[in-house]
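Engineer: coords please:
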Amino acid sequence: QMHFIFSNEVVLLFDFWSVHSPAGMALSVLVVLFLAVLYESIKVGKAKLLHQAVVTMSVLSSQRLVEETDQDSSASDSAPAGRTRLRWFLCHFGQSLIHVVQVVIGYFMMLAVMSYNTWVFFGVILGSAVGYYLAYPLLSMA
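Structural biologist: Numbers count the residues shown, from 1 in each chain. Sure thing, here's the model as predicted:
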């Protein structure tokens, strides 16, 4: 079937997630809705972490620049530079892991919608709307 249908029977994502009743469909829609809210929350969290990392790295760089101008030009200290690189690496690694989780959840939602079940589709749409509504105001908070 390549069109949306209203049905209480569907197999979602895995063979063991087989729905055959209205209660099972309601529970499945709630799970998909929660995944969509989680997806939007992860997007916001990733953006917030990126903003914090940029601010932290710029503060550390400006502090290092001030320290270097205060010190003798002959005495070079590479320890602060090494710590800054390590912090940048750890931040980038964390951002990458969060991105992988976001992509996996996004593909799960896409595959759930590809079941062409209208209830599941509505769950993803409603979950995205609720997730956006709840998570995006957190971006403006410091």
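Engineer: and the spatially most central residue of the chain, what element?
Structural biologist: Residue closest to the average C-alpha location in the chain (Cα atoms, centre = their mean): I42, at 2.6 Å. Per DSSP states H and E: I42 is located in helix 22-70.
Engineer: G127 too?
Structural biologist: helix 118-135.
Engineer: The residue nearest to the centre of the chain contacts G106, correct?
Structural biologist: No. Using Cβ atoms under 8 Å, I42 is not in contact with G106, being 9.2 Å away. Backbone N, C-alpha and C define where each C-beta goes, glycine included.
Engineer: Buried residues, the helix holding G127. List them.
Structural biologist: Across helix 118-135, burial judged by 16 or more other Cβ atoms under 10 Å covers 119-121, 123-124, 127-128, 131-132, 135.
Engineer: if we can go back for a sec, and whatever helix or strand comes next after the helix holding I42, what other elements does it pack with?
Structural biologist: Downstream of helix 22-70, the next assigned helix or strand under DSSP H and E is helix 79-113. Counting contacts by 3 or more Cβ pairs under 8 Å, 6 or more residues apart in numbering; DSSP states H and E, helix 79-113 packs against helix 22-70, helix 118-135.
Engineer: Which strands and helices lie in contact with the first one?
Structural biologist: Here helix 22-70 is seen to pack against helix 79-113, helix 118-135, helix 137-140 when contacts are counted using 3+ Cβ pairs under 8 Å, 6+ apart.
Engineer: Quick one: these as JSON lines, columns for distance to V32 too.
Structural biologist: Converted to JSON lines, these look like this (distance: least, Cβ to Cβ, whole Å):
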{"stretch": "helix 79-113", "distance to V32": "5"}
{"stretch": "helix 118-135", "distance to V32": "4"}
{"stretch": "helix 137-140", "distance to V32": "23"}
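Engineer: buried set for stretch 22-29?
Structural biologist: By neighbour count on 16+ other Cβ under 10 Å, the buried set for stretch 22-29 is 25, 28-29.
Engineer: Touching that stretch from outside, list them.
Structural biologist: 8, 10, 12, 17, 19, 117, 119-120, 122-123 (Cβ atoms under 8 Å, 6 or more residues apart in numbering).
Engineer: Among these, which pair sits farthest apart?
Structural biologist: Based on Cβ to Cβ, the longest span within the contacts of stretch 22-29 runs between W17 and F122 and measures 17.7 Å.
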